[in-house]
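Below are the sequence and a predicted model; questions follow.
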Amino acid sequence: MKKILVTGGCGYIGSHTIVDLIQNGYDVVSVDNNSRSGTRLIDLCNFDDTHAIFAENEDIIGVIHFAAYKAVGESVVKPMMYYENNMVSLINLLRCVEEFKTPYFVFSSSCTVYGSPDTIPVTEENPEKPAESPYGATKQMGERMIRDVTRIAPVRSALLRYFNPAGAHPTNLIGEFPIDKPQNLTPVITQTAIGKMQHMQVFGDDYPTRDGTCIRDFIHICDLAHAHTLALKFLMEKSLGLECDVFNLGTGDGITVLEAIQAFEKVTGQKLNYSIGPRRPGDIMAIYANRDKAKEELGWTPKFNLEDIMKTAWQWEQKLKSDEQFYAGRNIQLN
Ligand code: WQD
């Protein structure tokens, strides 16, 4: 079987992608420092640890690199934590990919590389603009590093620009598991609804949008995961004549924050306790994808809609609560 190294394999997107890879016949080596999900295993910021993975698995034909911190708001207040973690881990990986001549590299990039776009929906040809957050800057620098390495090494790469990943696996066996207070909208919504958080804020309703709140493109985690399997297949079988291809992974539907809250309330029958607060530093007003290229080149079409996202996210939050109650009854503390 084709062996793929997945970094950040215990994370939200990594875990769902591993399920999809295995369902599509791949063998997977998963590494994670679990700094955001449990006990430490492999630290990609340590070159020797990273090198050992490749030395012990010389049959790795591809890498899907998820391992990075990813909260826009947090990166504004902790820039060096983001620059060190996100860049040093990528540098170590690329040094190994170059040394071991790993043929394929898929990078977890982000729509934040577009900054605050002049035109929406954004296509892959939209110019990069100054990143609005250190998180976005790490993705811009990461893309540049990968382009430069794939230009001189026998590696083909795909840069996957995610929009807003959300929701949980329909089996309810895996989902998003924020270690601390969640930063992203969907887990904030579900934790507020279940009572883990007493209240949530909508960060600003004075943007020049249809209801004053920011616009985002929410993509179901399973659709996003499957796009990685398709990207590997594309790198192995097709070529647009480039060493490095870029793909937007979004639905193409721009949804406001209030519309996302209304969709949650409609699907779950839960009334959400929220109020309007000040804008969050680092936020951009609106962004959503033109996904034509991923459709044409990867054969990728999202199957889940916003209501599926909210339904699966809510089911997962309810499961987490019943697990916590189950283990509390046995005096076992989950993270
Ligand atoms: C979405 C909207 C907030 C929380 C994400 C990922 C990032 C990247 C891009 C993949 C914003 C508003 C949020 C809250 C709110 N994706 N909000 N109250 O900032 O778009 O970035 O997508 O790489 O990794 O983090 O996502 O969910 O934090 O915010 O009003 O309590 O929801 O202001 O408008 P963001 P987010």
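Great, that's in hand.

could you pull out the strands for the stretch 201-335 of the chain?
With DSSP state E, counting those that start in this stretch as the criterion, the stretch 201-335 of the chain has strands at 215-216, 218-220, 244-249, 255-256, 274-277.

Where does M141 sit, in terms of helix or strand?
Per DSSP states H and E: M141 is located in helix 134-152.

Export the strands of the stretch 201-335 of the chain to a markdown table and append columns for mean neighbour count and distance to G175.
Glycine gets a C-beta too; all of them are placed from N, C-alpha and C. As requested, the strands of the stretch 201-335 of the chain are exported to a markdown table (neighbours: other Cβ atoms under 10 Å; distance: least, Cβ to Cβ, whole Å):
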| stretch | mean neighbour count | distance to G175 |
| --- | --- | --- |
| strand 215-216 | 22 | 19 |
| strand 218-220 | 27 | 11 |
| strand 244-249 | 23 | 19 |
| strand 255-256 | 20 | 20 |
| strand 274-277 | 12 | 22 |
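
Between these, which one is closest to L44.
strand 244-249 (20.8 Å; Cβ to Cβ).

can you give me the offset of that closest one from its chain's centre?
Computed by Cα atoms, centre = their mean, to the nearest Å, the chain-centroid distance of strand 244-249 equals 14 Å.

Name the residues of the stretch 151-300 of the chain found near the ligand, please.
Within the stretch 151-300 of the chain, the positions near the ligand by Cβ under 6 Å from any ligand atom are 162, 164, 183-185, 188, 200-203, 214, 216, 257, 280, 283.

now do 5 Å
For the stretch 151-300 of the chain, the contact set with the ligand under Cβ under 5 Å from any ligand atom comprises 162, 164, 184-185, 188, 202-203, 214, 257, 280, 283.

picking up where we left off before, mind giving me TSV with the strands of the stretch 201-335 of the chain and columns for mean pLDDT?
Converted to TSV, those look like this (pLDDT from 0 to 100):
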stretch	mean pLDDT
strand 215-216	98
strand 218-220	98
strand 244-249	97
strand 255-256	98
strand 274-277	98
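
tell me what the least confident helix or strand in the chain by mean pLDDT is packed against?
In the chain, no helix or strand scores lower on mean pLDDT, DSSP states H and E than helix 72-77, which sits at a mean of 87. Helices and strands touching helix 72-77, by 3 or more Cβ pairs under 8 Å, 6 or more residues apart in numbering; DSSP states H and E, are helix 79-100, helix 134-152.

I'd like those laid out as TSV, including mean pLDDT and mean neighbour count.
As requested, those are exported to TSV (pLDDT from 0 to 100; neighbours: other Cβ atoms under 10 Å):
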stretch	mean pLDDT	mean neighbour count
helix 79-100	97	19
helix 134-152	95	19
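
So for V72, which of the ones you listed sits nearest?
Per Cβ to Cβ, nearest to V72 of the helices and strands packed on helix 72-77: helix 134-152, 5.1 Å.

which residues in the stretch 201-335 of the chain form helices?
Under the criterion DSSP state H, counting those that start in this stretch, helices of the stretch 201-335 of the chain are mapped to 221-237, 257-268, 292-293, 306-328.

Quick one: mean pLDDT for the shortest one?
Read it as helix 292-293. The average of the pLDDT scores along helix 292-293 is 98.

do the same with the longest one
Regarding helix 306-328, the rounded mean pLDDT is 91.

counting contacts, what elements does it pack onto?
Partner elements for helix 306-328 (3+ Cβ pairs under 8 Å, 6+ apart): helix 185-194, strand 218-220, helix 257-268.

on that earlier part again, let me have the helices of the stretch 201-335 of the chain in JSON lines, adding mean neighbour count as columns.
Output for these, formatted as JSON lines (neighbours: other Cβ atoms under 10 Å):
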{"stretch": "helix 221-237", "mean neighbour count": "22"}
{"stretch": "helix 257-268", "mean neighbour count": "19"}
{"stretch": "helix 292-293", "mean neighbour count": "16"}
{"stretch": "helix 306-328", "mean neighbour count": "18"}
